[in-house]
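K.L.:
Show me the folded form of this:
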Amino acid sequence: MNKFDIQIREDGEHAVIETAGYLNDALGEQLADKAKELIGNGYTQLVINLEKTTLINSIGISILIEIIEALHEREGALNFCGLSATQERTFRMMALAKYAGIFPDEESAIANL
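P.N.:
All right, here's what the predicted structure looks like:
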């Protein structure tokens, strides 16, 4: 089953995007659209909570990179939280951690924006 869900919580200066499901090409585009909408509305500090996202393919990773680039163009910040051990290793290996923070939970991700 290819179920994907996105929940957004806006809170003052930052927004949290919580994903659930398999982050792949078509469904990852939904995430990119939501993030770009938030950025367009002035949010430059985002947290993406991947706790309920079990799989991320290479296209999903490239979409996350697009979001990082969009935020960097506006001097913004992105933090990830809720990654599995495998996802965290992949993010570090692909140098996403150089451009976005990785935190164990949402509270620390927000605190470090």
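
K.L.:
Every contact and neighbour count from this point should use C-alpha atoms.
P.N.:
Will do.

K.L.:
Now do the helices in the protein.
P.N.:
25-40, 58-73, 85-93, 96-99, 106-111 (DSSP state H).

K.L.:
Can you lay out those as a markdown table showing mean neighbour count and distance to Val16?
P.N.:
Shown next, in a markdown table, are the helices of the chain (neighbours: other Cα atoms under 10 Å; distance: least, Cα to Cα, whole Å):
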| stretch | mean neighbour count | distance to Val16 |
| --- | --- | --- |
| helix 25-40 | 17 | 10 |
| helix 58-73 | 17 | 13 |
| helix 85-93 | 14 | 19 |
| helix 96-99 | 15 | 18 |
| helix 106-111 | 16 | 8 |
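
K.L.:
Which among those helices is found nearest to Asp11?
P.N.:
Proximity to Asp11, assessed across these by Cα to Cα, is greatest for helix 106-111 (10.3 Å).

K.L.:
Run through the neighbouring helices and strands of that closest one.
P.N.:
Contacts defined by 3 or more Cα pairs under 8 Å, 6 or more residues apart in numbering; DSSP states H and E place helix 106-111 against strand 45-56, strand 77-81, strand 101-103.

K.L.:
any idea which of these is most buried?
P.N.:
Mean neighbour count, computed with mean count of other Cα atoms under 10 Å, is highest for strand 77-81 among those, reaching a mean of 24.
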